[in-house]
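Novice: sequence first, then the predicted structure, then my questions.
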Amino acid sequence: MDPCGFDDGFDEWFSEMLKLGGYEDDVSSLPEKTIENGFKWMSEECFLAFKISAEKLHCEGIEHKFGELHSQCFSVESHDKIFHHYNFTIDEKHGNSDVWTSKLYFAEVKQFSGVKSFLCCLLEQNDCGHCYGCKNQDVYDLKHPSKGGYYEGHSGICWPFMDDPDYDSDSDDGCVLGY
């Protein structure tokens, strides 16, 4: 047995898990793969939110593809109140045109009490909506729609919770802070 308490089979098992995850034997690629997988997952969430929105707007005759994830903010207010805000671009091409244009969008993916919902809207040049969830995490480059419609969070929630001087780690109140 090694000094860390692992038996001799651990190295083989860990190597096999890396291969199953697409990492081969190169552990040095783990951080890059994790980041890559995170961007892929977030991009898919954004595009799903966009497609749900586009279906409601009946965007026939326009071809869409995901452009680029610009910024994001993941907020947890309690175990059953989670929301994720995004800015991203969608490239679109109208009819028989060969010209692709890029537009900036806002998306919200939230999960409250186990129910997941999506919101997506085109951002206007002068949009400057407010969000405590993003502000409390110092994410100021993420634009929100001025017309609202998204969850703005609460001013008393700090992330991570441990940074809040009023947070009582021994409390069993579900991490509700400031209200």
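Specialist: Here it is on my side, so go on.

Novice: does anything pack onto whichever strand or helix holds residue 82? Which helices or strands?
Specialist: Under DSSP states H and E, the secondary-structure element containing residue 82 is strand 81-94. Judged by 3 or more CB pairs under 8 Å, 6 or more residues apart in numbering; DSSP states H and E, strand 81-94 is in contact with helix 30-57, strand 62-78, strand 101-112, helix 132-135. In short, each C-beta sits where N, CA and C put it, glycine included.

Novice: ok, 6 Å please
Specialist: Packing contacts for strand 81-94, counted by 3 or more CB pairs under 6 Å, 6 or more residues apart in numbering; DSSP states H and E, involve helix 30-57, strand 62-78, strand 101-112.

Novice: tally of neighbours for residue 86?
Specialist: Each residue near residue 86 was counted by other CB atoms under 10 Å, and the total is 23.

Novice: cool, residue 73 as well?
Specialist: One way to gauge burial is a neighbour count; for residue 73, by other CB under 10 Å, it gives 23.

Novice: I figured residue 133 hits residue 76, correct?
Specialist: No - between residue 133 and residue 76 no contact is recorded; they are 9.1 Å apart, counting by CB atoms under 6 Å.

Novice: what about these two, which has more around it?
Specialist: Residue environment comparison for residue 133 versus residue 76 gives the larger neighbour count to residue 133, 27 against 16, counting by other CB under 10 Å.

Novice: before we move on, back to that, can you list contacts of the strand holding residue 82?
Specialist: With contact meaning CB atoms under 6 Å, 6 or more residues apart in numbering, strand 81-94 is reached by 46, 50, 62-65, 67-76, 100-105, 107-112, 134, 142-143, 151.

Novice: quick one: it to chain centroid distance?
Specialist: Taking the mean of its C-alpha atoms, strand 81-94 sits 10 Å from the chain's own mean (CA atoms, centre = their mean, to the nearest Å).

Novice: grab the nearest non-local neighbour of residue 99.
Specialist: Leaving out its chain neighbours, the residue that sits closest to residue 99 by CB to CB, 6 or more residues apart in numbering is residue 93, at 6.6 Å.

Novice: tell me what the one you found is bridged to.
Specialist: Taking DSSP bridges, one obtains residue 63 as the residues bridged to residue 93.

Novice: quick one: pLDDT of it?
Specialist: According to the per-residue confidence, residue 93 scores 92 in pLDDT.

Novice: count the neighbours of it for me.
Specialist: When neighbours are defined as other CB under 10 Å, residue 93 has 15 of them.

Novice: could you measure from it over to residue 121?
Specialist: Note on residue 93: its distance to residue 121, by CB to CB, to the nearest Å, is 20 Å.
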